[in-house]
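Engineer: Need a 3D model of the following:
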Amino acid sequence: MNISISKVSISILLLSLPLNFIVLSGGGNIYFSTLILIIQFLTVLTLSQGGLLRNKGVLISMIIFALAILITGINIFLNGLLVNSQITNSVIYIQNFLGLALMFYYIKHISLEFFFKLFIIITLLSIFRIVIEEPNHIFKLSVLRGERIESLFLAGVNTFAVFCGLSLVISFFYIKNKFLRIFLSLFFFLTIILTMSRGALIALIFTLFITSLYDTNRRTFNFLIKYTVVGVMAGILLLVFTGKMEAIIELLQNRFFSVFNKDTTLDSFFAGRFTLIEYVLQVINDSSVFQFFFGHGNGSIDFTIPETGQNFKTTHLVVLDILFRNGLIITILYLCLLGVIMHKFLKYRNRDKIVLFGLFVFFHLELLVNPMIFSAQSGWIYFVFLVLFLNQNRLNMKKTQ
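Structural biologist: As a prediction, this is how the structure comes out:
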């Protein structure tokens, strides 16, 4: 397969995200992006004459995903509960594997520069879709869940904010043209603020400073400090001229600073997450030996906390989700994988790889509160980036001019 076909293939695959919609609804929705993912996998598998699967990383991941699905099947057989949910989530796991396998093949034929430019375009198209379909919400993206267009194609506003954060990291740490760098960084930063996604905003702030300090000559850190004030002033002026300053201040107060209100507890500020985590840990503690080591199945998180009456389908903490769904063994494998990647970053530290380090930091800080990898619409995008992190030493790090 030549380069042009690989570029076309990954472009079509990523374009399915801003163009995403529900093709079939029922027990589990089938999305346009899911169909494109399957079609692209079969197409590349055929054109590469099976070469897509002749990769050690792909084979290892295939075994892990197959194990997760097998354990889910055993859990369904043993208790017969949540059958539809567990089957649906198993399909999501298959999507994730397909995305990972395709990216292992793509990186042999495309440059990192092409991928970064493409991803920024995908994010801009996603923003454009929201502007077109919900013009009344352009400066109030975080509205009632049933009204959010983002949930129809990017798994909700928080995942939409993840895409904006990833594009901001790419813009800030990779693009060399100063004007374009500043413009895109400020644009994505303002969009994240307007989403009112606390996880994305906090993760982004930590990522910018951690990654800037990681830079070997601190040039990026100095740039960040220099333009932080400029960015804040530009954002304030924009809000003033659009007449949204008062509304945004009120939203910020309710969304981000209510924790300092004596009537708001830390647990209620985080939507009962601490109570949820405590409850899940107790369920894990009461599990059988088989469930402790192999999990309760892919779609097994669906319970109501007696004390609060809240219903949850996720713990909002990916590591804990994996532990509950797939057990201790796969959780350890996942943590070991992250440890290997981090070791590679620290061992081969240099300025050329700073953007990948920033993407790694942002993604995994965000995954502490946003379990996007279990979403049918766009969870597989994490595994696309995971391949970049694993192959950082073999990538073309050429910068845009």
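Engineer: Phe172 and Leu13, how far apart?
Structural biologist: As judged by Cβ to Cβ, to the nearest Å, Phe172 and Leu13 stand 25 Å apart. Where C-beta positions appear, they are placed from N, C-alpha and C, glycine not excepted.
Engineer: no wait, Leu98
Structural biologist: Leu98 is 10 Å from Leu13, where distance means Cβ to Cβ.
Engineer: now swap in Asn298 and tell me
Structural biologist: Distance of Asn298 to Leu13, computed by Cβ to Cβ: 23 Å.
Engineer: Ramachandran coordinates for Ser197?
Structural biologist: Ser197 adopts backbone torsions of phi -90, psi 100, taken as degrees, to the nearest 10.
Engineer: Report how many residues lie close to the nearest residue to it once chain neighbours are set aside.
Structural biologist: Sequence neighbours aside, Ala161 is the residue nearest to Ser197 in space, at 3.6 Å (criterion: Cβ to Cβ, 6 or more residues apart in numbering). Neighbour count of Ala161, defined by other Cβ atoms under 10 Å: 30.
Engineer: Quick check: phi and psi at Ala161.
Structural biologist: Main-chain dihedrals, Ala161, degrees, to the nearest 10: phi -70, psi -30.
Engineer: quick one on the thing from earlier: Leu98 and Leu13: which has the busier surroundings?
Structural biologist: Neighbour count, other Cβ under 10 Å: between Leu98 and Leu13, Leu13 has more, with 26 against 23.
Engineer: tell me which element Lys7 is part of?
Structural biologist: helix 3-15 (DSSP states H and E).
Engineer: how distant is that helix from the center of its chain?
Structural biologist: In terms of Cα atoms, centre = their mean, to the nearest Å, the gap separating the centre of helix 3-15 from the centre of its chain is 20 Å.
Engineer: any idea which helix or strand comes after that helix?
Structural biologist: strand 22-24.
Engineer: quick one: strands adjacent to that next one?
Structural biologist: Strand pairing for strand 22-24, determined by DSSP bridges: strand 30-31 (antiparallel).
Engineer: What lies in contact with the strand it pairs with?
Structural biologist: Residues outside strand 30-31 that contact it (Cβ atoms under 8 Å, 6 or more residues apart in numbering): 20-24, 153, 376-377.
Engineer: Which two among those are spaced furthest apart?
Structural biologist: Leu24 and Phe153 (15.2 Å; Cβ to Cβ).
Engineer: These two: which has the busier surroundings?
Structural biologist: Taking other Cβ under 10 Å, Leu24 and Phe153 do not tie; Phe153 has more neighbours (25 against 11).
Engineer: With Arg181 as the reference, measure out to that one.
Structural biologist: The gap separating Phe153 from Arg181 is 28 Å, by Cβ to Cβ.
Engineer: what's the answer for Ile305, then?
Structural biologist: Distance, Ile305 to Arg181, by Cβ to Cβ: 45 Å.
Engineer: If you count surrounding residues, which of these two has more?
Structural biologist: Taking other Cβ under 10 Å, Ile305 and Arg181 do not tie; Arg181 has more neighbours (18 against 15).
Engineer: In contact with that one, which residues?
Structural biologist: Contacts of Arg181 (Cβ under 8 Å, 6+ apart): 171-172, 175.
Engineer: Specify the local secondary structure of it.
Structural biologist: Here Arg181 is recorded as helix under DSSP: H, G, I helix; E, B strand; the rest coil.
Engineer: Can you check the pLDDT for it?
Structural biologist: Here, the pLDDT recorded for Arg181 equals 88.
Engineer: my read: Leu320 touches Val280, true?
Structural biologist: Yes - assessed by Cβ atoms under 8 Å, Leu320 is found in contact with Val280 at 6.1 Å.
Engineer: any idea whether the nearest residue to Phe173 once chain neighbours are set aside is helix, strand or coil?
Structural biologist: Once flanking residues are discounted, Phe173 sits nearest to Val355: 4.1 Å by Cβ to Cβ, 6+ apart. Under three-state DSSP, the three-state class of Val355 is helix.
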